[in-house]
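Trainee: give me coordinates for this.
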Amino acid sequence: MAVQIRKRKFPSGVMHWQADIRVRLPDGRYHRERCKAPGKSRSAALKWARQREAHLLRFGRQGEEGTSREQDVPTFAEFVSRFLTEHVEANRLAPATRRHYDVVLRTHLLPVLGEVPLDEVGASHVQALKRRGLKASTTNQVLAKLRAILRVAARWELIEHAPEITELREDKRQPGFYDFEAYARLVQAAREFGPEALALVRLGGDAGLRRGEIRGLRWANVHLDRGQLYVCENRTTGGGVRLPKGSKARWVPITKPLKAALKAVERPGDWVLCGSDGRWSSERALGSQLNRAQLRAGLPCKGLHILRHTFCSHLAMRGAHPVVIQRLAGHANTQTTEVYMHLAPSTLNEAIDKLREDEEDE
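Mentor: Sure thing, here's the model as predicted:
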């Protein structure tokens, strides 16, 4: 048995006291109701709620089964439609984020939680999601989305607090990349296909640009005289333009080979890589260019992101500091950068060599 009183905004937009009453009815059923409590003061609202609790304990809900008391905690399915509109769209999250939410909700969360009252989602439901036999990485993505949804529900005071959600232990795989010899073969193969293919490979492998950043790169942001790129736009799958991931623009120095590759494709127009009609290149067109070069170089076909992994990996292998790699790549935090640092063993060896360099050998 429990009675709680709190202030909240009701659908009318006015703040009132809300009573949250949980009791065991005379017939043994558990009952919970949340409703507007009369009274302008907290003490008056609490007094009414105690009287309501006593009535339920003594008489149950006799004569009330056909009536409806205000129930302002929706089901999970009812809430997520509001979440997508009032949180994801209103806060202008990336279209890719919205698509990911749609997929996770449709495929994983709604089949399990759709009809569950929002304030009853708890540990048992989390365990049900973990027992579905999916890969740990997929399950963790689902749990991350659920955590975000419930945190917003708690912030909007639809539930008291978001339950604790722990993720599965996941084997962290190192990202694939091209070693120096394989990258040189890829560059040569791209050169044979033409200046556009070479510029594409160099933008990914020499500057670390993401797929959308390559598509969104304008000549106005290529400063060949200063030897720098201003990476400030990311072209989305749907054709829109947003800030780069993490909503942060960055400056990236241009290598000499990249500078030569960009000069070879320099032309009037907005976009660095574009079609014959002057419009930006599609993801499919860029992917096809890269795949042709990969096949000619004797390499398996991979997506554009392997070029970015190669950029970060080569920096680590050349001894660049993690913070430098983070800033050049535009990583939100150093944890992302750390996955590349195993490629810099010389740094560890140098540290060990210096540890006791002032002591004589025994």
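Trainee: so who does the residue lying closest to E266 once chain neighbours are set aside touch?
Mentor: Nearest residue to E266 in three dimensions, chain neighbours excluded: W219, at 7.3 Å (Cβ to Cβ, 6 or more residues apart in numbering). Placement of C-beta: from N, CA and C, glycine included. The neighbourhood of W219, defined by Cβ atoms under 8 Å, 6 or more residues apart in numbering, consists of 266, 269-272.
Trainee: show me what the helix or strand hosting V187 is packed against.
Mentor: Assigning secondary structure by DSSP states H and E places V187 in helix 180-193. Contacts defined by 3 or more Cβ pairs under 8 Å, 6 or more residues apart in numbering; DSSP states H and E place helix 180-193 against helix 195-205, helix 283-296, helix 305-317.
Trainee: the stretch 1-150 of the chain: helices as residue ranges?
Mentor: Using DSSP state H, counting those that start in this stretch, the helices of the stretch 1-150 of the chain run over residues 42-59, 76-83, 95-104, 110-113, 123-130, 136-155.
Trainee: ok, now which ones touch R98?
Mentor: Contacts of R98 (Cβ under 8 Å, 6+ apart): 84, 88-89.
Trainee: out of the residues you listed, the closest to H342 would be?
Mentor: Within the contacts of R98, proximity to H342 (Cβ to Cβ) peaks at V88, which comes in at 35.8 Å.
Trainee: hang on, that closest one packs against Y101?
Mentor: Yes - the criterion here is Cβ atoms under 8 Å, and V88 meets it with Y101 at 6.1 Å.
Trainee: and the gap between Y178 and K259?
Mentor: Distance of Y178 to K259, computed by Cβ to Cβ, to the nearest Å: 21 Å.
Trainee: give me the more crowded residue out of these two.
Mentor: Higher neighbour count among Y178 and K259: Y178, with 24 against 16, using other Cβ atoms under 10 Å.
Trainee: ok, the residue nearest to Q174 when sequence neighbours are not counted - how many residues close by?
Mentor: Among residues not flanking Q174 along the chain, V339 sits closest, at 6.3 Å (Cβ to Cβ, 6+ apart). V339: 17 surrounding residues under other Cβ under 10 Å.
Trainee: ok, N234 next?
Mentor: If you count neighbours by other Cβ under 10 Å, N234 ends up with 24.
Trainee: which residues does it contact?
Mentor: When contacts are counted by Cβ under 8 Å, 6+ apart, N234 touches 210, 212-213, 216, 241-245.
Trainee: how far away is the residue nearest the centre of the chain from L198?
Mentor: Centrality entry for the chain: nearest residue to the mean C-alpha point is T97, 6.5 Å, by Cα atoms, centre = their mean. To L198, T97 is 33 Å away according to Cβ to Cβ.
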